[in-house]
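Q: need a structure here:
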Amino acid sequence: MTEKEKCAAGLLYDANYDKQLISERIACKDLCLEYNQLKNSDAGNRNKLIRKIIGSTKENICIEPSFWCDYGYNIEIGEDFYANHNLIILDCAKVRFGNHVFIGPNCSFYTAGHPLDAEQRNKGLEYARPITIGDNVWLGGNVVVLPGVSIGNNTVIGAGSVVTKDIPDHVVAVGNPCKVIKSIEHNHNQNI
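A: The predicted structure follows:
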């Protein structure tokens, strides 16, 4: 079993020294650097390049520079996706974003985790757990989403939150660790 196959299976794998994974990360980060250096006025090339980086996208997406990811091919983005500046997606496992997702600046999505055992960690071993973001989700600035987390549909995550556990549909959740503070009614005139 290759290290990439171990990763996909959710097993401990060698992320730091495996030549295939290193090569794939370097190629992806080179593309991210190229993307981040394009002028905002060069929308055509920005759209082409982001689709080369990201594994699967719908038509209407916008990712403001700077944007960084590890592999790109593990990211799936739905329709009407917007991410403000400084998006980081460590996509060792799948990261799926639904439709109508809005992400504030300086947000990070980490699928990679590391063993508590120092000897394993020092060997470059890690694991990866997928992240799923539902439809109609808004994440405020400086949100961090940790490995294995799912965020439900029609949910708002407050700025500065660290999401360590699953968050259900139709709620507002905030804090470190992120916790539900209220339900969202289907009232279009409601303020947070």
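Q: okay, now the unreliable bits of the chain?
A: 186-192 (pLDDT under 70).
Q: same thing but 90
A: Applying pLDDT under 90 to the chain picks out residues 40, 43, 56, 58-59, 124, 185-192.
Q: how about stretch 44-64 as CSV, C-alpha atoms only?
A: Provided in CSV are the C-alpha atoms of stretch 44-64 (Å, rounded to 0.1, in the frame of the first residue of the first chain):
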residue,chain,number,x,y,z
GLY,A,44,-9.8,34.9,-17.3
ASN,A,45,-6.4,33.5,-16.3
ARG,A,46,-7.4,33.4,-12.6
ASN,A,47,-10.5,31.3,-13.5
LYS,A,48,-8.5,28.9,-15.7
LEU,A,49,-5.7,28.5,-13.1
ILE,A,50,-8.0,28.0,-10.1
ARG,A,51,-9.8,25.2,-12.0
LYS,A,52,-6.4,23.6,-12.7
ILE,A,53,-5.6,23.7,-9.0
ILE,A,54,-9.0,22.6,-7.6
GLY,A,55,-10.2,19.0,-8.1
SER,A,56,-13.8,19.9,-8.8
THR,A,57,-15.6,23.2,-9.1
LYS,A,58,-18.9,24.5,-10.3
GLU,A,59,-19.2,27.5,-12.6
ASN,A,60,-19.5,30.5,-10.3
ILE,A,61,-16.6,30.6,-7.8
CYS,A,62,-14.3,33.3,-6.5
ILE,A,63,-11.2,32.8,-4.3
GLU,A,64,-9.4,36.0,-3.5
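Q: okay, buried residues for that stretch please.
A: By 16 or more other CB atoms under 10 Å, the buried positions in stretch 44-64 come out as 46, 49-50, 53-55, 57, 61, 63-64. Yep, even glycine has a C-beta here, placed from its N, CA and C like the rest.
Q: all helices of this structure, in order?
A: For the chain, the helices defined by DSSP state H cover 3-8, 19-37, 43-53, 118-122.
Q: angle of the longest one against helix 43-53?
A: Going by axes from the mean of the first three to the mean of the last three CA atoms, to 10 degrees, helix 19-37 is angled at 170 degrees with respect to helix 43-53.
Q: quick one: list the elements packing against helix 19-37.
A: helix 3-8, helix 43-53, strand 67-69 (3 or more CB pairs under 8 Å, 6 or more residues apart in numbering; DSSP states H and E).
Q: now do the first one
A: The helices and strands touching helix 3-8, judged by 3+ CB pairs under 8 Å, 6+ apart, are strand 13-14, helix 19-37.
Q: mean neighbour count, those: which tops it?
A: strand 13-14 (a mean of 20; mean count of other CB atoms under 10 Å).
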